[in-house]
Structures are given as structure tokens and as C-alpha cells.
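Chemist: mind looking at a prediction? Sequence and model below.
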Amino acid sequence: MGEFIGLVAVVMVFGIPMIAIWTSHRQKVAKMQIETTAEHTAEKAAQYASHIQLLEDRVQVLERIVTDRGYDIATQIEALRDTRSVEQSGSGVPLNVGNKAEV
């Protein structure tokens with residue numbers, strides 16, 4: 001029984017400081033992982049913000065196109081098609097592909 005008490009004393013003398021060192025090391029590693037994750041998250045957030053700003057700019061341009069002259073553009077495209085069909089008459093290439101009755 002005395003040997004057992006001696007063994008327990010040796011384990012406690014060397015084991016407790018080793019556990020304390022190991023716990024401290026694990027805390028440092030966990031803190032470094034959290035910092036790395038936070039930096040990565042901040043970078044991703046900045047990239048997303050930049051991408052969102054780019055998309056918002058594009059949507060504003062599209063809104064401007066639609067609200068300023070949206071319906072007029074379709075008539076201008078059709079007018080250009082009509083002009084091309086007159087210039088290219090006899091070329092054998094039908095321009096009104098959508099209209100199956102004329103093809």
C-alpha cells in the first residue's frame with residue numbers, strides 16, 4: 001500500500017504540471033484558430049460586399065435602361081431588322097426567324 005501512495009505522489013507531482021501545460025497549449029491553439037477564422041470571415045465579408053456593390057450598380061443601369069427607354073428599344077430593334085431585311089433582300093437568309101409562317 002505504501003508503494004501505491006508513493007506512485008500516486010509521483011504521478012501528481014509530474015502529472016498535474018503536465019496537464020496544466022497541455023491545457024494552456026490547447027487554449028493558445030484554440031485562440032489562434034478563432035483569430036484565423038475571424039480574419040478569413042472578415043475577408044469573405046469584404047469580398048461579398050464588393051460583389052454586392054457591383055451587382056447593385058448593374059441593377060441600377062438595367063433599371064435606368066428599362067425606365068428611360070425600355071419600350072422604345074424594342075421598336076428600334078424591329079426598325080433595324082426591317083432596314084436590314086430591305087438591304088439584304090435576296091440574300092437567302094430569313095431575318096424573321098421567330099415567324100414560322102414566312103420561312
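Modeler: Cool, got the structure. Numbering: from 1, shown residues only.
Chemist: low-confidence ranges, the protein, go.
Modeler: Applying pLDDT under 70 to the chain flags residues 68-71, 84-103.
Chemist: all helices for it, in order.
Modeler: Applying DSSP state H to the chain gives helices spanning 2-87.
Chemist: relative to L54, how far out is the residue most central in space within it?
Modeler: Against the mean C-alpha coordinate of the chain, by Cα atoms, centre = their mean, the closest residue is Y48 at 5.9 Å. From Y48 across to L54, the span is 11 Å (Cβ to Cβ, to the nearest Å). Heads up, the C-betas are built off the backbone N, CA and C, glycines and all.
Chemist: ok, E63 next?
Modeler: E63 sits 15 Å away from L54, going by Cβ to Cβ.
Chemist: got it, and G2?
Modeler: Per Cβ to Cβ, G2 is found 78 Å from L54.
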